[in-house]
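Q: next input, structure requested:
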Amino acid sequence: MKERLRETLHFVAQTDLADPDRRGCPALNTAIEFGRTDESVTAQVQGMSDRIEGASGALISEGQRAGDIDPGRDAKALASPLLNSVNGMQVTARVESRPDRLLRVIETTADLR
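A: Numbers count the residues shown, from 1 in each chain. The predicted structure is shown next:
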């Protein structure tokens, strides 16, 4: 599970860093730009975040069943900071010229217990 999480986070970072214009994630950019000023946009961004967090929770549950993550921890509670890490990585990738900082986030996040 941890390797799968690490691979997913590397994919996110590589995708963001490969964009020469560093435009970032459209949903995250929309959330930053409009915040809660447009109810329709807010609902769409929240829905996307809910889906990503749900998929992360499922991945964490899989890791719990495999013994990689403490089964006594709440998978949904662990999924929220994971979503936050991905969002933060995408913002960081917009300004970073080197991947060092993103690699540190990936390694620390993938070491989830």
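Q: buried ones in stretch 13-29?
A: If you call a residue buried by 16 or more other Cβ atoms under 10 Å, then stretch 13-29 has these buried ones: A13, D16, L17, G24, C25, A27, L28. Any C-beta I mention is one placed from the backbone N, CA and C, and that applies to glycine too.
Q: look up phi and psi at G67.
A: With angles defined as degrees, to the nearest 10, G67 sits at phi 90, psi 10.
Q: kindly report the same for the one 5 residues further on.
A: The phi and psi torsions at G72 (degrees, to the nearest 10) take the values phi -80, psi -10.
Q: can you name every helix or strand that the longest helix seen in the chain contacts?
A: Scanning the chain for the helix with the most residues, using DSSP state H, yields helix 39-66. When contacts are defined as 3 or more Cβ pairs under 8 Å, 6 or more residues apart in numbering; DSSP states H and E, helix 39-66 packs onto helix 2-18, helix 26-34, helix 75-93.
Q: got the angle between it and helix 75-93?
A: 120 degrees (axes from the mean of the first three to the mean of the last three Cα atoms, to 10 degrees).
Q: list the buried residues of helix 39-66.
A: Under the neighbour-count criterion of 16+ other Cβ under 10 Å, helix 39-66 has 41, 45, 48-49, 52-53, 56-57, 59-61, 63-64 buried.
Q: L82: which of these is nearest?
A: Nearest to L82 among the buried residues of helix 39-66: S56, at 4.7 Å, using Cβ to Cβ.
Q: could you check how far that closest one is from V12?
A: 12 Å (Cβ to Cβ, to the nearest Å).
Q: now the most centrally placed residue in the chain, nearest residue through space, not along the chain?
A: By Cα atoms, centre = their mean, the chain has its centre lying nearest to V86, at 2.3 Å. Closest residue to V86 apart from its sequence neighbours, by Cβ to Cβ, 6 or more residues apart in numbering: V12 at 5.9 Å.
Q: next one: R6
A: Per Cβ to Cβ, 6+ apart, closest to R6 is A110, 4.0 Å.
Q: if anything else comes up later, I'll come back, but that's it for now.
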